[in-house]
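Undergrad: need a structure here:
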Amino acid sequence: MDVLVDKVLADYSCSRSIDVDEARKKITLYFRTLSAARKLNERQLASFGLAYLRELYEGPDPEYSGM
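TA: Residues are numbered from 1 along each chain as shown. Below you'll find the predicted structure:
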């Protein structure tokens, strides 16, 4: 899972300046929560992880949040 966390963080942090240590803790916990809830492959986890970081650091997507 660490490799996947590193990949998602690298993909996201290329376009944003973030506290990588804090983001690593949050995304690791998020992946553990997702994995406990249901069986997901690495591609699905990566996609959900990037979406999670976008919402966390950029706010909710107005298209889906009704804003």
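Undergrad: only C-alpha atoms for contact and neighbour calcs from this point on.
TA: Noted.
Undergrad: which helices and strands does the strand or helix carrying residue 54 pack with?
TA: Using DSSP states H and E, residue 54 maps to helix 42-58. Judged by 3 or more Cα pairs under 8 Å, 6 or more residues apart in numbering; DSSP states H and E, the packing partners of helix 42-58 are helix 2-13, helix 20-37.
Undergrad: Give me the contacts around that helix.
TA: Defining contact as Cα atoms under 8 Å, 6 or more residues apart in numbering, one finds that helix 42-58 is touched by 4, 8, 12, 23, 27, 30, 31, 34, 60, 61.
Undergrad: Over to stretch 1-10?
TA: Contacts with stretch 1-10, where a contact means Cα under 8 Å, 6+ apart, come from 20, 23, 24, 27, 28, 42, 46, 49, 50.
Undergrad: mind listing what's buried in it?
TA: 4, 5, 8, 9 (16 or more other Cα atoms under 10 Å).
Undergrad: same thing with stretch 38-46?
TA: For stretch 38-46, burial by neighbour count (16+ other Cα under 10 Å) applies to 45, 46.
Undergrad: From the chain's centroid, how far away is it?
TA: Remark: stretch 38-46 is offset 12 Å from the chain centroid, using Cα atoms, centre = their mean, to the nearest Å.
Undergrad: for stretch 49-57, same thing?
TA: Worked out by Cα atoms, centre = their mean, stretch 49-57 lies 5 Å from the chain centre.
Undergrad: Show me what counts as buried in it.
TA: 49, 50, 52, 53.
Undergrad: okay, now residue 13: neighbour count?
TA: With neighbours defined by other Cα atoms under 10 Å, the count for residue 13 comes to 15.
Undergrad: Now it. Nearest residue, chain neighbours left out?
TA: Distance criterion Cα to Cα, 6 or more residues apart in numbering; nearest residue to residue 13, sequence neighbours excluded, is residue 20 at 7.8 Å.
Undergrad: Nothing else from me, thank you.
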